[in-house]
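K.L.:
curious how this folds, go ahead:
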Amino acid sequence: MGMNVTRHFSDTRTEEGRVRILVQTSQFVLEAEGPGWHHRSVHPDLGDVTLELAWLPGLGACLYGQVLEDLVRQVQRDGTAAEFGGTDLPGAA
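P.N.:
Numbering: from 1, shown residues only. Sure thing, here's the model as predicted:
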């Protein structure tokens, strides 16, 4: 019997809100929240996650930028994104 293990990939918090990205099986779970809003979605790769984040109306530019920095740092550290569709992060420099 297989286990469905969830692990944290990144957790970014600012005064604007919080964005968590979890790895579950072979997909990424995006959880984002701020004052008066909450979002949860599932994606096949980090590219889709960053695109979804870019379209969230409640997510400010500061938090979005911090999330991208955190994702780039995480990918450089452990390369996990390569396991799930590559490291192409739209919007990341």
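
K.L.:
show me what the lengthiest helix in the chain is packed against.
P.N.:
Counting residues, the longest helix in the chain under DSSP state H turns out to be helix 61-78. Using 3 or more CB pairs under 8 Å, 6 or more residues apart in numbering; DSSP states H and E as the contact test, the elements touching helix 61-78 are strand 6-14, strand 17-24, helix 46-55, helix 80-83. Placement of C-beta: from N, CA and C, glycine included.

K.L.:
tell me which of these sits nearest to E69.
P.N.:
Between E69 and these, the shortest gap by CB to CB is with strand 6-14, which sits at 8.4 Å.

K.L.:
elements contacting the closest one?
P.N.:
Strand 6-14 is packed against strand 17-24, helix 61-78, with contacts defined by 3+ CB pairs under 8 Å, 6+ apart.

K.L.:
so where's the protein uncertain?
P.N.:
Per-residue confidence for the chain (pLDDT under 70) gives these ranges: 1-4, 79-93.

K.L.:
ok, the residue most central in space within it - contacts?
P.N.:
In the chain, the residue lying closest to the centroid (CA atoms, centre = their mean) is I21, at 3.9 Å. I21 makes contact with 8-11, 28-31, 46, 49, 71 under the criterion CB atoms under 8 Å, 6 or more residues apart in numbering.

K.L.:
just the buried members of those?
P.N.:
Buried residues within the contacts of I21, defined by neighbour count using 16 or more other CB atoms under 10 Å: 9-10, 28-30, 46, 49, 71.

K.L.:
distance to G60 added to those, as JSON lines?
P.N.:
Converted to JSON lines, the buried ones among the contacts of I21 look like this (distance: CB to CB, whole Å):
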{"residue": "F9", "distance to G60": "21"}
{"residue": "S10", "distance to G60": "17"}
{"residue": "F28", "distance to G60": "21"}
{"residue": "V29", "distance to G60": "21"}
{"residue": "L30", "distance to G60": "16"}
{"residue": "L46", "distance to G60": "20"}
{"residue": "V49", "distance to G60": "17"}
{"residue": "L71", "distance to G60": "17"}
